[in-house]
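**Q** sequence and predicted structure below; questions after.
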Amino acid sequence: MTGKARRTPTGAAVLRPELTDAIVEAVLDELAEKGYGRLSMDAVARRSGASKSALYRRWPSKQEMAVDVVSRLSLLLAEFANTGSLRDDVRSVFEAVIQWLDDPRLGRILPDLVAEAHRNETLAEALRTHIDAPRRIRAEAILERAIERGELAPAINRELVLDLFGAQIFWRLSVRRMPVTSDYLDDLTDFALTAMKNPTSHHSAG
């Protein structure tokens, strides 16, 4: 022991939890109100009461900031139930997708990010890596469990099924702006089960 007092770190100090929470909320609010194109570190700093240096210690750019914040919330809304039944598992996936897309802020943010990704391949790749891929991995576990129980054929086309899980509800909520009723969800679940158990092709996607 040298007896020297340890100095409190500065500059690269770890962000306080309450400050991190304020920043995350500010990012979501800015994205929901102004969109990705008008998102800026300055605006987030003003809204959260944090310094720009605090933001840059966490994220090197607004893209990393936006994707990180949205992915955190998106994965929290991808906790799919393990019910022991393929039908109930599939319905839980659809319900989770509804909760994801019908969230007051995410419901506005996600379509905007998708539109921006058409013009920005770097953003598109980040969304695939940090939001799409982790959600698909969690949903694929449902298929694996159903195969183990003998409810689905091992050669099921996972890629098509995983697209089906999200596409139908995204189109109805985000494009058509129509509600998803309980009856609609029942019909969609039955349709998905029929498609999974009676596939037109047994080739698995690479």
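**A** Yes, it's here. Residues are numbered from 1 along each chain as shown.
**Q** pretty sure residue 130 sits against residue 69.
**A** No: at 10.4 Å, residue 130 and residue 69 do not qualify as touching, with contact defined as Cβ atoms under 8 Å. All C-beta spots, glycine's among them, are computed from the backbone N, C-alpha and C.
**Q** these two - which one has more neighbours?
**A** residue 69 (22 against 18; other Cβ atoms under 10 Å).
**Q** what's the distance between the more buried one and residue 53?
**A** 18 Å (Cβ to Cβ, to the nearest Å).
**Q** same check on residue 104?
**A** 30 Å.
**Q** those two: who's more crowded?
**A** residue 53 (12 against 9).
**Q** what packs against the host helix or strand of residue 65?
**A** Assessed by DSSP states H and E, residue 65 sits inside helix 62-76. Applying 3 or more Cβ pairs under 8 Å, 6 or more residues apart in numbering; DSSP states H and E, one finds that helix 62-76 contacts helix 17-34, helix 41-48, helix 106-117, helix 121-127, helix 133-149.
**Q** what's near enough to touch residue 77?
**A** By Cβ atoms under 8 Å, 6 or more residues apart in numbering, the contact list for residue 77 reads 96, 99, 100, 103, 106.
**Q** same thing but at 7 Å, please
**A** Going by Cβ atoms under 7 Å, 6 or more residues apart in numbering, residue 77 touches 96, 99, 100.
**Q** give me the subset of those residues lying in helices.
**A** Of the contacts of residue 77, the ones assigned to helices by DSSP state H are 96, 99, 100.
**Q** can you count the residues close to residue 197?
**A** 13.
**Q** any figure for the gap between the nearest residue to it once chain neighbours are set aside and residue 66?
**A** Among residues not flanking residue 197 along the chain, residue 152 sits closest, at 6.9 Å (Cβ to Cβ, 6 or more residues apart in numbering). Separation of residue 152 from residue 66 (Cβ to Cβ) stands at 36 Å.
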